[in-house]
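Trainee: Quick one: sequence plus predicted model below, questions after.
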Amino acid sequence: MRAVRVTLASVTAVALAAVATGCTEKSKAGAGGDHVVKVTAGDDSCKVSKKEFPAGHVVLDVENTGSKVTEVYVLYPDDRIVTERENIGPGTSQKVNAEVKAGSYQIACKPGMVGEGIRQKVKATGGGKEVARDPKLDAAVAAYRTYAQEQADETLPLAKKFADAVKAGDLEAAKKAYAPSRIGWERTEPVAESFGDIDPKVDLREDGLTGGQDPEKDWTGWHRLERSLWKDEKITGRDKELADLLVKDLEKWQDKVNEAEITPTSMANGAKELLDEVATGKVTGEEERYSHTDLVDFKANVEGAEKSYALLKQVAAKNDPQLTAQLDRRFTALNELLDEYREDEKSYDFESYDKVGKDERKELSDAVNALAEPLSQLAAAVVAK
Amino acid sequence: MTERTNTSAPSRRSLLALGGAGLAVGAAAGAGAMAVAQGGPGGEPAAQAGAAVPFRGRHQAGIATAVQDRLHFAAFDVKTDDRAELAALLEEWSAAAALLTAGRPVGEGAYGGIPEAPPDDTGEALGLKPSRLTLTFGVGPSLFDERFGLRERRPEALVDLPKFRGDNLDKARSGGDLCVQACADDPQVAVHAIRNLARIGMGTVAVRWSQLGFGKTSSTTPDAQTPRNMMGFKDGTRNIAGTDTAALDEHVWVSEADGPDWMAGGTYLVARRIRMNIETWDRTSLKEQEDIFGRTKGEGAPYGKKRERDEPDLRAMPEVAHVRLAHPDSNGGARMLRRGYSFTDGTDGLGRLDAGLFFLAYQRDVRDAFVPVQRRLAESDVLNEYIQHVGSAVFAIPPGVADQGSWWGRDLFTGKV
C-alpha cells in the first residue's frame, strides 16, 4: 500500500503504461512476447497458446471464458506447485507470473476450484534468455535455505524430548516441553507447510478435521497431544503412539527441507504469511486453545518473518528505503510489545494467553496489523530493479 | 458524475506530487461551500443519480449535506507519538478522501499494478457510483494530551462530556482520538471508504470502534418526508435545514469570534450509541408511546395540533414528554443539526434485537447545546425507560479543506501554538 514505486519491474511497466494511456484492454498489451502464454480457461477446457516457451520469467495471461470461478496452476511433474492463482471469476482475466527453469511442467485449470483440474503438458526450453539474477538475492535465498534447515535440525531433539516425556507418562514434563518443540516449525511455517502431506499430520487443529475424519482415530500431531495434556489432563496409550508418530513425521520434514522451492518472492510473501498466521490464529487464541502458549508461537512467527526480512533488506532498501525504514520501526515496536509478556528476553517463557485481556489483545492485534500491512509490500520492493 | 473505474485512478505518487491536482471533480465545484448535493436539495433525484458531493469547501461535507441513506462511522486511536507522521497521514487521507468521494479508487487502483504487491484499493466499490459519499473528519479531546504538543490548541468548547444519569457507556464503543463519518446512499460505498482509510492508516492509527447505520433518522431537507426511527416515530421534524444558512451560522458553524482560529468554519459533533429496548417498546400501548414523545405516531403532529409541521404547543404535552423536554423553548433556544442513523447489530445473545439510534448531532458549542439538553433528558425523559446510552464520543470537526494544497486539520497542526 505504501510502497513508493520509484522503479518498476519490467512486468509491471506494461500494465502501468496501459493505465497511463487509458487503455482498458490491458490483457492484449503484452501478448506479443514469447514469455507470455495465453491460457483460455473454460468450464471443460484449458487451452494454452504455446506448449513450449523459454525458461526464465513466464507470464500466464489467463482468461476465464467459462461460467465458473476457476484457478490456474503451474505444476512440476510431481504435482508440486510452482505458482497458482485462485478465484479467477467468469469473464475476467488475470496475469500469473512465474520463474521456471528448463524442464517439463503442467498447466492446470480448475473450473469450480475442485478436483485435479484440466491439464496441459508444457515445456520450458533451455537456451532461452537467462533471467538476470541478482547475486545478493541468490545469497539471500541460500542463507534462508540454511536457516530453514537449521530450524528443522534444532527442532528434532526438542520434539524427541517432548515425545519422551509423553511416553514416560510425565504430564508436567510433557507440558513444559510442548511449546519449545514447536518454535522451529512456527518460525518457518510457510516452508514447512509447502510439504502438503506433513503439515496436516503434525500441526492440525481439531476444527481442521474434514467431514469423515474421527478426532479420536484420525487426528494426530501436536494439537492432539495438547488436548490430552491440558484438557483431558491424562496421557493414554494412544498418546504415547502419537508422540512417536510426531517425531517420525518431523523427521520427514527435516529430510525434505532442502528440496523446498525458495525464491526471493516466496521469502517475502512467506514473511507476510507468518504475520497472517499471527493475525488470524494467535491473536485470537485459537491456535493453542488448551495450552494457551499462543505467545510462544506468536514470537516464533515474528522471528521467522524478521529473518526473511533481514536477508532481503539490503535489496529492498535500495528499491524502497521508506518501506524498509518503516518495517524496521514496526518490527521493533512489535518485539518490544511482546517483551512485555515475558520476564527474561532470552527465554520463551511467555504469559499464558488466557491471562491476556481484551484490551491487551487489541493492542497486540494493532501492532501486528501495523507491521503486516507494509510487509505485504516487501515482495514488490524485492522484484523492483 | 463518475463511476468507479480503475483506469481513471491517478497513481498515488503523481497524486501526492501534484498536491492533488488530479481532483478535478471535487475542485470544480469548490465554491459550493454549502456542499449540498448536486441534483438539488431534495435528496431523491441526487440519490437516484448517484452523484458526487464536492469534497472541498468552506465547511466539510456530510453536515449540511442532504442526509444520505447509509452510514459507516469510525473512531480511531492514534498509535504513533510522532506528530509529523500523523500529519502526513492526514494529508494522505485527504487525498484519498477526495478520490473516494469523486467515485474513484485510492492509490493506483484495485488491479493492474505490480503482481507481487496487494492492490492499493480493495476493489469492492469498482463500478459503483459516487453515491453522494461524504467523508467528515474530526478530532477528539484525547488528541490534545501531551503526545503531539497540541494541549494549548484544544478548543474550550471541546469539553469532556459529563456523565449523564443512566449512562452505561462501553469503553470499547466510546471516545477516540480521530473520527471519520462516511455517509453514502450505497452502504458498500460507505464501508469501502472507511475500510480503505483504515488500511492506509494502519500502524499510524488503529480503528477503536466503528458503527454501521442503515437508515437515516433525521433529514436536513424539510421538504422531503421525515424519516422514522426504530420506535416507529418521525424523527427530526424540526431539524435544521441544510439550506437554512442563518440557522447554520447561529447554531452549527463555529465563527471566527468563537475561536480558536483553526476551528472557524468548523463545528462540534456528539455521537451517542443509544440502544433501544425494542421488545418492551413494542409491547407498549399506542397511547403511552404517543405520550412519551408528545406527538402522534401516524402524522407526527404535536399534541393539540393537526399536522406534523404545526408549531408545537408544549403545554399540551405531558411535562416529561420527549419532544417537550428536547424542544429549544425548554432549553434556552438551543438547537443542533441532527444527522443520526438507525442501527441493528444483530441480536444480543438473549434473543433481543441489538438495535437503536446512533445519534449524531452537530453544534456550534457543546456546552450550550448537547450538554444542557441531554442533562434535562437524562433526568426526566420518560423515554429513558426504553433506551440506554451505551456509547459516547465528542469531536471537534475542523472547517472544510478549502484549497488543493490543504488537508484535514492542517491549520491545527501547522498554525502557531
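Mentor: Received it, and whenever you're ready, just let me know what you need. Numbering: from 1, shown residues only, chains lettered A, B, ... in the order given.

Trainee: Show the contacting residues for residue 217.
Mentor: Went with chain A since none was named. Contacts for A:Lys217 (Cβ atoms under 8 Å, 6 or more residues apart in numbering or on different chains) come out as none. The way it works is simple: take the backbone N, C-alpha and C, and place the C-beta from them, glycine included.

Trainee: my bad, the chain I had in mind was chain B
Mentor: Going by Cβ under 8 Å, 6+ apart, B:Thr217 touches B:227-229, B:235-236, B:338, B:340-342, B:357.

Trainee: can you pull out the helices in the stretch 201-350 of chain A?
Mentor: Per DSSP state H, counting those that start in this stretch, the stretch 201-350 of chain A has helices spanning A:222-226, A:237-256, A:264-277, A:294-319, A:321-339. These are given in chain order.

Trainee: so which of those helices gets nearest B:His389?
Mentor: For B:His389, the closest of the helices of the stretch 201-350 of chain A is helix A:321-339, at 33.2 Å, according to Cβ to Cβ.

Trainee: Please convert the helices of the stretch 201-350 of chain A to a markdown table, extending it with mean neighbour count and mean pLDDT.
Mentor: Below are these laid out as a markdown table (neighbours: other Cβ atoms under 10 Å in any protein chain shown; pLDDT from 0 to 100):
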| stretch | mean neighbour count | mean pLDDT |
| --- | --- | --- |
| helix A:222-226 | 23 | 97 |
| helix A:237-256 | 17 | 96 |
| helix A:264-277 | 24 | 93 |
| helix A:294-319 | 23 | 97 |
| helix A:321-339 | 17 | 97 |
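
Trainee: and the stretch 201-350 of chain A, which of its residues are near chain B?
Mentor: Residues of the stretch 201-350 of chain A found near chain B (Cβ under 8 Å from any Cβ of the partner chain) are A:265, A:268-269, A:326, A:330.

Trainee: Let me have the helices of the stretch 201-350 of chain A in TSV, extended by distance to A:Val191.
Mentor: Output for the helices of the stretch 201-350 of chain A, formatted as TSV (distance: least, Cβ to Cβ, whole Å):
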stretch	distance to A:Val191
helix A:222-226	17
helix A:237-256	9
helix A:264-277	7
helix A:294-319	9
helix A:321-339	20
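
Trainee: Compare the ones you listed and report which one is nearest to A:Leu158.
Mentor: helix A:237-256 (9.7 Å).

Trainee: ok, which stretches of the stretch 151-300 of chain B are strands?
Mentor: B:178-184, B:205-213, B:215-216, B:267-276 (DSSP state E, counting those that start in this stretch).

Trainee: Now do the helices in chain B.
Mentor: B:12-17, B:24-28, B:44-49, B:83-101, B:187-201, B:245-251, B:278-282, B:286-293, B:322-326, B:370-380, B:410-414 (DSSP state H).

Trainee: Adding mean neighbour count, write those out as JSON lines.
Mentor: Listed next are these as JSON lines, based on neighbours: other Cβ atoms under 10 Å in any protein chain shown:
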{"stretch": "helix B:12-17", "mean neighbour count": "16"}
{"stretch": "helix B:24-28", "mean neighbour count": "16"}
{"stretch": "helix B:44-49", "mean neighbour count": "16"}
{"stretch": "helix B:83-101", "mean neighbour count": "22"}
{"stretch": "helix B:187-201", "mean neighbour count": "22"}
{"stretch": "helix B:245-251", "mean neighbour count": "15"}
{"stretch": "helix B:278-282", "mean neighbour count": "14"}
{"stretch": "helix B:286-293", "mean neighbour count": "17"}
{"stretch": "helix B:322-326", "mean neighbour count": "23"}
{"stretch": "helix B:370-380", "mean neighbour count": "19"}
{"stretch": "helix B:410-414", "mean neighbour count": "18"}
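
Trainee: Quick check: which of the helices of the stretch 201-350 of chain A is nearest to A:Pro200?
Mentor: helix A:237-256 (9.8 Å).

Trainee: So what's the residue count around residue 67?
Mentor: Let's take chain A. Using other Cβ atoms under 10 Å in any protein chain shown, A:Ser67 is surrounded by 12 other residues.

Trainee: Chain B is the one I meant
Mentor: Neighbours of B:Val67 (other Cβ under 10 Å): 29.

Trainee: just checking, B:Met263 touches B:Gly409?
Mentor: No: counting by Cβ atoms under 8 Å, B:Met263 stays clear of B:Gly409, with 10.3 Å between them.

Trainee: Mind listing the shared neighbours of these two?
Mentor: With Cβ under 8 Å, 6+ apart, B:Met263 and B:Gly409 have common neighbours B:Pro398.

Trainee: For A:Trp185, which non-adjacent residue is spatially closest?
Mentor: Residue nearest to A:Trp185 in three dimensions, not counting chain neighbours: A:Ala192, with 5.5 Å by Cβ to Cβ, 6 or more residues apart in numbering or on different chains.

Trainee: what's the residue in chain B that chain A sits nearest to in contact with, if anything?
Mentor: Using Cβ to the nearest Cβ, the closest approach of chain B to chain A is made by B:Gly203 at 3.1 Å. Shown in contact with B:Gly203 (Cβ under 8 Å, 6+ apart): A:326, A:330, A:369-371, A:373-374, B:79-80.

Trainee: need those in a markdown table with distance to A:Ser347, can you?
Mentor: Compiled in a markdown table, those are given as follows (distance: Cβ to Cβ, whole Å):
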| residue | distance to A:Ser347 |
| --- | --- |
| A:Gln326 | 29 |
| A:Arg330 | 24 |
| A:Asn369 | 27 |
| A:Ala370 | 25 |
| A:Leu371 | 23 |
| A:Glu373 | 30 |
| A:Pro374 | 29 |
| B:Lys79 | 28 |
| B:Thr80 | 30 |
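
Trainee: Select from these the one having the most neighbours.
Mentor: A:Leu371 (30 neighbours).

Trainee: That residue: which element?
Mentor: Per DSSP states H and E: A:Leu371 is located in helix A:358-375.

Trainee: Show residues contacting the following helix or strand past that helix.
Mentor: Remark: after helix A:358-375, the chain's next helix or strand is helix A:378-383, criterion DSSP H and E. Helix A:378-383 has contacts (Cβ under 8 Å, 6+ apart) with A:3, A:5, A:9, A:137, A:264-265, A:267-269, A:271-272, A:309, A:312, A:315-316, A:319-320, A:323-324, A:327, B:114, B:116-117.

Trainee: mind checking pLDDT for B:Gly30?
Mentor: For B:Gly30, the pLDDT comes out at 35.

Trainee: do A:Ala102 as well
Mentor: In this model, A:Ala102 carries a pLDDT of 85.

Trainee: now do A:Cys109
Mentor: 93.

Trainee: Would you mind confirming that it is in contact with A:Val72?
Mentor: Yes: the criterion here is Cβ under 8 Å, and A:Cys109 meets it with A:Val72 at 5.5 Å.

Trainee: Now do the same contact list for the one residue in the stretch 251-385 of chain A that gets nearest to chain B.
Mentor: Relative to chain B, the nearest point of the stretch 251-385 of chain A is A:Ala370 (3.1 Å; Cβ to the nearest Cβ). Contacts for A:Ala370 (Cβ under 8 Å, 6+ apart) come out as A:330, A:333-334, B:79, B:202-204, B:206.

Trainee: Please name the nearest non-neighbouring residue to it.
Mentor: B:Gly203 is the one closest to A:Ala370 (Cβ to Cβ, 6+ apart), at 3.1 Å.

Trainee: Brilliant, that's me finished.
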